[in-house]
Structure formats: C-alpha cells, structure tokens
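> got a sequence here, can you build the structure:
(chains A and B)
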Amino acid sequence: MVEAIRRRLVIASTALLMLALPLVADRLAMPDLVALGTQVAIYAVAAVGLDLLIGYTGLSSFGHAGFFGLGGYVVGILAFHAADGSLFLGVVPGATAAWIAWPAAILISALAALAIGALSLRTSGVSFIMITLAFAQMLFYLFVSIKTYGGDDGLGFRRRNALPWINPRDDVAFYYVCLAVLALVLAACHRLVRSRFGIVLLGIKQNERRMAAIGLDGGRYKLAVFTLAGAIAGLAGALQANLLRFVSPDMLHWTMSGDFMVMVVLGGVGTLVGPVFGAAAMVLLQSWLTQWTEHWMIVMGPVLVAVILLTRRGIWGALAGRR
Amino acid sequence: MTALLRASGLTKRYGGLLACNDFALAVMPGSLHALIGPNGAGKSTAIGLLAGEIAADAGDITFDGNDITQVAIPARVKRGLTRSFQITSVLPQFTALENVAIVAQIRAGHSFCFWRDARDDRRLTDPARAMLDRVGLGPRAAILAADLAHGEQRQLELAMALMTGARMLLLDEPMAGLGQSESQDMTALLAALKGRVTILLVEHDMDAVAALADRVSVMVSGRVIAEGSFADMQSDPAVREAYLGEAG
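Prediction:
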C-alpha cells in the first residue's frame, strides 16, 4: 500500500517535471534542456517497447536499433522525395505530412519486425540475440550502401513533418508532441501487460515449455509482441528523424541496440516506466560527461555495473520500491 | 471397450541409446494405469513421446481413435491429453490462482485481447478458484507459486493439468520429492480423481501404485515387458528380477 503511494508519487513528480521542463529551461536560460528532454522522450519510447520483449516476454532482442533506424529512414526518404518531387522506386511520391510519414514509418518497421521475427524466433537464448543483431547489421549495411540517400553520410532534410496546429519550427511544441507520444505508448503498454495477451507473455517468459503443456502455441504471441515492439521502435525512429531533421546509418548501428538494452536494464527490466528513467540517465550522463571527456563510457560503465549490482530493478526499483 | 490412448511400436533413439524400443501401451478409458520400471527404463521418454514433446523415430499413437502421432503439443492438449512434469514446473512469479487462471484463459480460446485487464476477469478466476479448492489449495490462492511448499507446488501442477479440461492426464512422478504425509495427500487426491479422468501414472512410490493402479505396465530397457494387476506384477518372475527384486 505504502509502495503503491510511493510509486504514484514518483510517477507524478516525474511527469510534472517533464511537463514543466521548457519553463525550467527558460528560467535557467538553458535552452539545450528542451532538446535533451526531447531526446530522452524519444529514446524512452523505443526502450519501453524493448522492455515488452526483454522484461515481459524474456526475448533479449539485440536488433532494436534496426527498427528504430528504419522508421527514421522512412521519414527521411519520404522528405527527400518530397523535396525534389521524384518518386521512391519510381512509384511512391514523397511526403512531408506527419499523418502520412509517421504511420508509414510504423508500418514499415512493423513489417520488417514481422519478417525478421518470423525467422529469428525459431531460435532462442544466445542464438536469438545473435540473429537479431545480424539482421539489424544487415539493415545498417544496406543503408550505408545506398548512395542516393547519402550512404555513410546520412540524409538531411529541411523541415520537420507538418502537424496540424503545430509550428514545425517550434522546438518546445515538438518536445510536447514527443512527450504525448511517450505518454500514449506507456499507457497502452500498461494496459497491454495486464491484458490476456500480456499474461500469456509473462507465462512464456517464466516457462515456455510449461505453457505448451497447458495448450499454448507460444510462437504466435512472441511474433506478435516482436512486431509490436518493432512498430513502436519505428515510431520512435520517426520522431528521432524529426528531432535532428537528419537520419544516418548510426541510428541502425549495433551500438544503438546496445544503448537501448542499457536503458532498459539501467531503468528497470519489466517495469515499463523504468526504461524512461534509463533513457534519461543515459542521455543526461552522456551530455554532461562529454563536456569533460569524450570517453564518457568510462564513467557510464561503472554506473551501469553499480546500478545492476546494488538495485533489484534498476533506477525504478531504487526509486519506487521492490515490485 | 477400446483404449483411449494407444501406442504401438514407439521407438526413440538417442545416439547409441534406445530410450524407447518398440514401446506399446493401451490405456482404457476411466482407468488409472501405472507405468513403472527401474531408473533409466525410458519412462520419461515414453511420457515425452505420448505428450508430443519428443518426436518418435517410429511408431504410432492414437488418442480417442484418432492418429495423433504428428499432432503438436497444444493441439493434443485441446483434444484432452495433458501432461505434468517430473521436475515441478509451475509459473513461479504468478500466484497459485494466476497459475490456474492462465490455463482457464488458454482453454477459453486465443489470447489476442490487448486491452481489458485479465487479472480480475471472473470468467477466469471463478473456475480457477473452484479448481484450487478441488485440489485443496483454496486457502493458498494468493500465495506466489515460488513461495508454496514443494507438496503444494505439485498439487498446483495437478490443478493446472486438470484445468486444461483434460480427459486424460500423463502424470510424470507426481510424488517425486514429497514427504510421507504429502505423498499420502497426493495419493488421496489422485484416488478422488480416479474414474473421472483417465490417468497414466509414472511413479516410483510403490505404496501409491499399489493403492491406485487398476493396471500396471512394467517397462525395462525401453519396452513394456509385462502388464497386469499390481499383484500379478509382484509375482511375475521377470518383473521381480528386473525391478521389484532390486527395489526390495
């Protein structure tokens, strides 16, 4: 009971802080804070989706950046073709409207996750980690090799996707858009893990053999949640492309997949809100530490080790108690 | 009367080891049929083959008159054939009630429902509670499965198997690791189930087998060498030599 109140207090104060961030940034005359907050929200969206896999289904996917980057490239490529009026593959016209580009990013990432998941989920354990990593690296090298879209150098575009009533040049407005997306994703996942679907995922995580013995064909559920997590990563990627107005193969690199995993573990595996704190810790530490040294991982590494050793469920476990 | 479960010619080879060698068995509906034999006789392999976890190299399995040799585990469960495990395998992070409710949920159909909270769905928790009462775990419904005593976990395991709506249970050593009084409780529980559910019981506890079994098959080196009543088996010279003799 006390823990439930404590949990709500932590969530409420965090939400309040994030809502008030642009005001705080204004008062402190630190406009960079808004960009940092936006980056936190975007990474958090992808990390929450990854937590569905790692924390709720027991699937350690090491290819999450593949879907993140793919979502980003969908936005980038559509903007590229919209700018010069050409057609993608000679068929698809470009687009700058968010209501076209973002759903397209979600759809393409979901389809990629469906295909990659259908193959990867034939394996489990370390093989699954390696095969998801391999697929994401294939996507990475694919985009490195496409010179039309900048290859190694990436692909920039001039304007954010157009949203109704929102000025695309307004960074604070875009921050609130990302925050709203994060809130929606969190709320939907919160419902999801308590639904029949979520209960089955938790069962698969605990003992898949047992689940088969009581009549469950677990493969369909694992593929469904893998696809869903891919779709969420695609959405995060679309936001990321909009934040920077730039996409590059770095978004798909395996180190990005590793960063997402670190966010989930640092924040608290299997907690959904934990990865938000994980993303915040990662982004803020990186931003502050790089002012001192480019080898910021020297500090980040020990922090990660300490959090894993000293807390039961990451930062979220330390803030909000045991369960 | 025809057998509910019939296996013939089941063979499974692991490298040079013939775990099951021309294994044949017929279990009559409503009976409690015990499968006994010394360690390494291949009893667990036989259960694995019958449940569908292990693919046979040769042989056929029929259940209720239908060939199920190639049928996957979940589909066998839907037809009414469910197994339990020798090593206790409940879902440790779920409560006793949740362990049984998830079975009720799977039995109710697909679980592609993403929105409604399933934990307080009375269509699932009511039958689950009734099942826990039936195996004597009613008062322990809210306890995490990991925190239950070993004997209680075995009872829970049985409740989960029953909740699938099984017409036939394949029980792999339900008494394994139980103390004497817990074994007696489990024996009483199985005695209460007897006749309502067909049971194939693999068990080392001879007191339980003597008390429960309508029919006993003795398995040695991957095949059934003798079958009959428990008393017949006690006096069978081949069985005595292979098994009961060394068990004392």
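
> check which element follows whichever strand or helix holds B:Ala75 along the chain.
B:Ala75 belongs to helix B:73-79 when elements are defined using DSSP states H and E. Later in the chain than helix B:73-79, the nearest helix or strand by DSSP H and E is strand B:81-83.

> and B:Ala108, how far is that from B:Asp120?
When distance is defined by C-beta to C-beta, to the nearest Å, B:Ala108 is 15 Å away from B:Asp120. Placement of C-beta: from N, CA and C, glycine included.

> ok, those two, which is more surrounded?
B:Ala108 (13 against 9; other C-beta atoms under 10 Å in any protein chain shown).

> wait, what's in contact with that one?
The neighbourhood of B:Ala108, defined by C-beta atoms under 8 Å, 6 or more residues apart in numbering or on different chains, consists of B:123-124.

> dihedrals phi and psi, it?
Backbone torsions for B:Ala108, taken as degrees, to the nearest 10, come to phi -70, psi -10.

> what's in contact with the helix holding B:Ala75?
In this structure, residues lying in contact with helix B:73-79 by C-beta under 8 Å, 6+ apart are A:212-217, B:51-53, B:63-64, B:66, B:68, B:71, B:82, B:164, B:166.

> can you flag the buried ones in these?
In terms of neighbour count (16 or more other C-beta atoms under 10 Å in any protein chain shown), the buried residues within the contacts of helix B:73-79 are A:212-217, B:51-53, B:63-64, B:68, B:71, B:82, B:164, B:166.

> could you look up the SS state of A:Leu184?
At A:Leu184 the chain is in helix, as set by DSSP: H, G, I helix; E, B strand; the rest coil.

> what about it, distance to chain B?
From A:Leu184 over to chain B the distance is 14 Å, taken as C-beta to the nearest C-beta, to the nearest Å.

> what's the answer for A:His190, then?
When C-beta to the nearest C-beta is applied, the distance between A:His190 and chain B equals 10 Å.

> once you drop chain neighbours, what's closest to that residue?
In space, A:His190 comes closest to A:Leu272 once its chain neighbours are excluded; the distance is 6.1 Å by C-beta to C-beta, 6 or more residues apart in numbering or on different chains.

> quick check: the one you found is in a strand.
No - with the criterion set as three-state DSSP, the secondary structure at A:Leu272 is coil rather than a strand.

> what's the helix or strand for B:Ser217?
Secondary-structure element containing B:Ser217, defined by DSSP H and E: strand B:215-220.

> so in that sheet, which strands flank that strand, and in what orientation?
Pairing partners of strand B:215-220, with direction, according to DSSP bridges: strand B:32-36 (parallel), strand B:223-228 (antiparallel).

> in that strand, which residues are buried?
When burial is assessed from 16+ other C-beta under 10 Å, strand B:215-220 yields the following buried residues: B:215-220.

> could you do stretch B:201-211 as well?
Counting neighbours by 16+ other C-beta under 10 Å, stretch B:201-211 gives B:201-203, B:205-206, B:208-209 as buried.

> for the stretch 151-300 of chain A, which residues are neighbours of chain B?
A:191-192, A:194-200, A:202-203, A:206-207, A:209-217, A:221, A:224 (C-beta under 8 Å from any C-beta of the partner chain).

> again, 6 Å this time
In this structure, the stretch 151-300 of chain A approaches chain B at residues A:191-192, A:194-197, A:199-200, A:203, A:206-207, A:210, A:212-217, judged by C-beta under 6 Å from any C-beta of the partner chain.

> count the residues that sit near residue 5.
Just so you know, I chose chain A. When counting by other C-beta under 10 Å, one arrives at 9 neighbours for A:Ile5.

> that's the wrong chain, I meant chain B
The burial metric for B:Leu5, expressed as a neighbour count using other C-beta under 10 Å, is 22.

> ok so, going back, CA atoms only: put the helix holding B:Ala75 into CSV for me.
Provided in CSV are the C-alpha atoms of helix B:73-79 (Å, rounded to 0.1, in the frame of the first residue of the first chain):
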residue,chain,number,x,y,z
ILE,B,73,1.5,-30.4,-28.1
PRO,B,74,-1.0,-27.5,-27.9
ALA,B,75,-3.4,-29.4,-30.2
ARG,B,76,-3.0,-32.6,-28.2
VAL,B,77,-3.9,-30.6,-25.1
LYS,B,78,-7.0,-29.2,-26.9
ARG,B,79,-8.0,-32.8,-27.7
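
> outline the domain layout of chain B.
B:5-89+B:166-247, B:91-147 (automatic domain parsing).

> would you reformat these as JSON lines and include mean pLDDT?
Rendered in JSON lines, the data for those read as follows (pLDDT from 0 to 100):
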{"stretch": "domain B:5-89+B:166-247", "mean pLDDT": "90"}
{"stretch": "domain B:91-147", "mean pLDDT": "93"}
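
> for A:Arg312, which of those domains is the nearest?
With C-beta to C-beta, the closest approach to A:Arg312 among these belongs to domain B:91-147: 13.4 Å.

> now do the end-to-end distance for the closest one.
Across its full length, domain B:91-147 reaches 11 Å end to end, with C-alpha to C-alpha, to the nearest Å as the criterion.

> out of everything not next to it in sequence, what's closest to the residue in the stretch 201-323 of chain A that chain B sits nearest to?
Relative to chain B, the nearest point of the stretch 201-323 of chain A is A:Gly215 (3.5 Å; C-beta to the nearest C-beta). Nearest-residue entry for A:Gly215: B:Val77, 3.5 Å, with adjacent residues in sequence omitted and distances by C-beta to C-beta, 6+ apart.

> what about the one you found, how many neighbours?
Residues contacting B:Val77 under the criterion other C-beta under 10 Å number 27.

> how much space between it and B:Arg107?
As for B:Val77, its distance to B:Arg107 is 9 Å (criterion: C-beta to C-beta).

> what touches both of the two?
Counting by C-beta atoms under 6 Å, 6 or more residues apart in numbering or on different chains, the shared contacts of B:Val77 and B:Arg107 are B:Thr164.

> tell me the contacts of the closest residue to B:Glu173 other than its chain neighbours?
Closest residue to B:Glu173 in three dimensions, ignoring its sequence neighbours and counting by C-beta to C-beta, 6+ apart: B:Gln86, at 4.6 Å. Neighbouring residues of B:Gln86 by C-beta under 6 Å, 6+ apart: B:172-173, B:176.

> before we move on, the earlier item: state the number of residues packed around the residue nearest to A:His190.
By the criterion of other C-beta under 10 Å, A:Leu272 has 23 neighbours.

> hmm, it is touching A:Arg191, no?
No - judged on C-beta atoms under 6 Å, A:Leu272 makes no contact with A:Arg191 at a distance of 10.6 Å.

> now what about the helix or strand that contains A:Met261, what contacts it?
Under the assignment given by DSSP H and E, the secondary-structure element containing A:Met261 is helix A:254-267. Residues from elsewhere that reach helix A:254-267 (C-beta under 6 Å, 6+ apart): A:46-47, A:50-51, A:54, A:62-65, A:133, A:136-137, A:274-275, A:277-279, A:281-282, A:304, A:307, A:314-316.

> and if we set it to 8 Å?
A:43-44, A:46-47, A:50-51, A:54-55, A:60-66, A:68-69, A:133, A:136-137, A:140, A:250, A:273-279, A:281-282, A:303-304, A:307-308, A:314-316.

> what of stretch B:20-28?
Counting by C-beta under 8 Å, 6+ apart, B:1, B:3-12, B:33, B:35, B:42, B:45-46, B:49, B:56, B:59, B:168, B:198, B:200, B:214-215, B:217, B:219, B:221-224 sit against stretch B:20-28.

> which parts of the chain are helices?
Chain wasn't specified; assuming chain A. A:2-27, A:32-54, A:64-84, A:98-120, A:126-145, A:171-194, A:196-206, A:208-213, A:218-244, A:254-267, A:274-289, A:297-310, A:314-320 (DSSP state H).

> other chain: chain B
B:43-51, B:73-79, B:96-107, B:122-134, B:150-163, B:180-193, B:206-212, B:230-235, B:237-239, B:245-247.

> got the CA coordinates for the fourth one in CSV?
Spelled out, that is helix B:122-134. Below are the C-alpha coordinates for helix B:122-134, written out as CSV (Å, rounded to 0.1, in the frame of the first residue of the first chain):
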residue,chain,number,x,y,z
ARG,B,122,-14.2,-13.5,-13.1
ARG,B,123,-14.8,-15.8,-16.1
LEU,B,124,-11.2,-16.9,-15.5
THR,B,125,-10.7,-16.5,-11.7
ASP,B,126,-14.0,-18.3,-10.7
PRO,B,127,-13.3,-21.6,-12.3
ALA,B,128,-9.6,-21.3,-11.2
ARG,B,129,-10.7,-20.8,-7.6
ALA,B,130,-13.0,-23.8,-7.8
MET,B,131,-10.1,-25.9,-9.2
LEU,B,132,-7.8,-24.8,-6.4
ASP,B,133,-10.5,-25.8,-3.9
ARG,B,134,-10.7,-29.2,-5.6
